[in-house]
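In: need a 3D model of the sequence below.
(chains A and B, ligands or ions: 2)
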Amino acid sequence: MKVREIQDVLSARIICGEEFSDREVFSACGSDMMSDVLAYVKEQAVLLSGLVNPQVVRTAEMMDMQCIVFVRGKQPDDSIVSLARERDIVLMTTDLPMFASCGMLYEKGLRGGAIR
Amino acid sequence: MSLIELHYDVPGDDFTRAGEASGSVKAQLKKLGFDPGVIRNVVIALYEGEINMVIHAGGGEIDVSIDPDQIRMVLRDHGPGIPDVALAMQEGYSTAPDNVRALGFGAGMGLPNIKKYTDEMRIDTEIGVGTTMYLRVDVKN
Ligand SMILES: Nc1ncnc2c1ncn2[C@@H]1O[C@H](COP(=O)(O)OP(=O)(O)OP(=O)(O)O)[C@@H](O)[C@H]1O
Ligand SMILES: [Mg+2]
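Out: Ligands and ions are numbered 1, 2, ... in the order given. Now for the predicted structure:
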């Protein structure tokens, strides 16, 4: 699934990284606990989170995740956005809650990965 | 002497900066052309350790030695120490307070993650003195 499709499915607004909306994402991980995300192994995953702080971007950076969706309309502040920009990570925000966001992406064929 | 040695001071009073050292190591390893899988193993383990340093021990120091066949990391802090390492290593065990949990940490998954992503993990710890963690990731072909 491309980043732009994720944006469409979730009626999300892209905050930064619009130029990367052709990126392919093969799996998804939704969590507010960063160590749970760090236990997750899958290539090219999108991260969905209701947590908004710099460590969400750092966690994505360490995991080579190139797209983060903030759920429940959460808005990252400028310092978080610039951290993501420096790392070419796409940020978007959707008004949908976590459960609905994951469900809608699942319905469109996106799958989770294994915890190793 | 290793090919490259890196040193970082990790401030203990600024959670927003936690991960700067790990990010810098990631950039270096990338520049040196290491395999992405190896890089991920190194930086996830290092990042978990760096976060632990900040949330549990008031900061510390990180040394990274990079060789073509292995990457070694030493994380040293002067925090409270870990009373029961075997217990701390269990998935889900955490003493993190609610304010840390609100930041997305405190699942009790950090040390088990470090174990999974490294080829060697050793913890030296003394109550009231501090904790030193030795990590090694091998570069396999
Ligand atoms: N450097 C340290 N100094 C003192 N105590 C530590 C240190 N690192 C870990 N601990 C102790 O070990 C426990 C388990 O650590 P671990 O990293 O597995 O989980 P956590 O940090 O609590 O949560 P998570 O890593 O999932 O965010 C911690 O809650 C803490 O009590
Ligand atoms: Mg931890």
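In: what residues does chain A have near ligand 1?
Out: Within chain A, the residues that sit near ligand 1 (CB under 6 Å from any ligand atom) are residue A:35. From N, CA and C alone the C-beta is placed, and that goes for glycine too.
In: so which residues of chain A form helices?
Out: With DSSP state H, the ranges of helices along chain A come out as A:3-9, A:34-38, A:54-62, A:78-86, A:98-107.
In: just the pLDDT at residue B:141, thanks.
Out: In this prediction, residue B:141 carries a pLDDT score of 70.
In: over to residue B:59: give its phi and psi.
Out: Note on residue B:59: backbone dihedrals following degrees, to the nearest 10 are phi 90, psi -180.
In: pLDDT weak spots in chain A?
Out: A:113-116 (pLDDT under 70).
In: find the closest residue to ligand 1 in it.
Out: residue A:35 (3.1 Å; CB to the nearest ligand atom).
In: what's the answer for chain B, then?
Out: Counting by CB to the nearest ligand atom, chain B gets nearest ligand 1 through residue B:110, at 2.3 Å.
In: which residues are in contact with that residue?
Out: A:35, A:38, B:48-49, B:51-52 (CB atoms under 8 Å, 6 or more residues apart in numbering or on different chains).
In: which bits of chain A sit near ligand 2?
Out: Not one residue of chain A sits near ligand 2, judged by CB under 5 Å from the ion.
In: need the contact list for the residue at minimal distance from the centre of chain A.
Out: Chain A has residue A:68 as the residue nearest its centroid, 2.2 Å off, counting by CA atoms, centre = their mean. Residues near residue A:68 by CB under 8 Å, 6+ apart: A:46-49, A:56-57, A:60, A:84, A:89-92.
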